[in-house]
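Q: coordinates only, sequence not included:
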């Protein structure tokens, strides 16, 4: 049987290990070295890129497949999907505040995508997957085009009052 002194020694040892951080050296695999901040806007943008690439690949590889019965398979829609992927990649890889010419191009691409979607829907040439994708992308690009530019930290338009 264990002596009361042995139990006290064991408790002191465990308290020492947990309080000094010695235990964290043995559990390095559970530590997170760098916290990655992923916003919901980036997730939606990345999902839209994947959806556009999936529809583009399906229209090239399986034009008569099940997926393409809910999407358009024409060359115009392939070019439009390529334009969408390029614009969304530019949005995903650039950080705000963005330059004014870049925002103007984003607004123009958003208008082209929305106009193409509306014309195709009026002519019954578009599937539901394309309609959802085009509408979502035009909203994403329009929001990115009208973003507020933030002033750099430390510079304020308000006078300092003491």
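A: Perfect, I can see it now. Model, not experiment: these values are computed from the prediction.
Q: centre-most residue in this structure?
A: Nearest to the mean C-alpha position of the chain, by C-alpha atoms, centre = their mean, lies residue 42 at 1.8 Å.
Q: what helix or strand is residue 82 on?
A: When elements are assigned from DSSP states H and E, residue 82 belongs to helix 75-93.
Q: chain center to the next helix or strand after that helix: distance?
A: Next along the chain after helix 75-93, taking DSSP H and E as the criterion, comes helix 100-122. Distance of helix 100-122 from its chain centroid, counting by C-alpha atoms, centre = their mean, to the nearest Å, is 20 Å.
Q: mind listing what's buried in whatever helix or strand comes next after helix 100-122?
A: The first helix or strand that comes after helix 100-122 along the chain, using DSSP H and E, is helix 128-145. Across helix 128-145, burial judged by 16 or more other C-beta atoms under 10 Å covers 129-131, 133-134, 136-138, 140-142, 144-145. Any C-beta I mention is one placed from the backbone N, CA and C, and that applies to glycine too.
Q: same check on stretch 77-84?
A: Buried residues in stretch 77-84 (16+ other C-beta under 10 Å): 77, 80, 81, 83, 84.
Q: check contacts around the residue nearest to the centre of the chain.
A: By C-beta atoms under 8 Å, 6 or more residues apart in numbering, the residues touching residue 42 are residue 92.
Q: show me the contact partners of the helix holding residue 82.
A: 42, 45-46, 48-49, 52-53, 55-56, 59-60, 71, 102, 106, 109, 112-113, 116, 120, 126, 130, 133-134, 137, 140-141, 144.
Q: what about 7 Å?
A: Contact with helix 75-93 is made by 42, 45-46, 48-49, 52-53, 55-56, 59, 106, 109, 113, 116, 130, 137, 141, 144, as judged by C-beta atoms under 7 Å, 6 or more residues apart in numbering.
Q: what's the mean pLDDT across that helix?
A: Mean pLDDT, helix 75-93: 89.
Q: chain center to that helix, what's the gap?
A: Remark: helix 75-93 is offset 15 Å from the chain centroid, using C-alpha atoms, centre = their mean.
Q: what is the neighbour count of the residue nearest to residue 139 when sequence neighbours are not counted?
A: Using C-beta to C-beta, 6 or more residues apart in numbering and skipping residues adjacent in sequence, the residue nearest residue 139 is residue 110, 8.0 Å away. Neighbour count of residue 110, defined by other C-beta atoms under 10 Å: 21.
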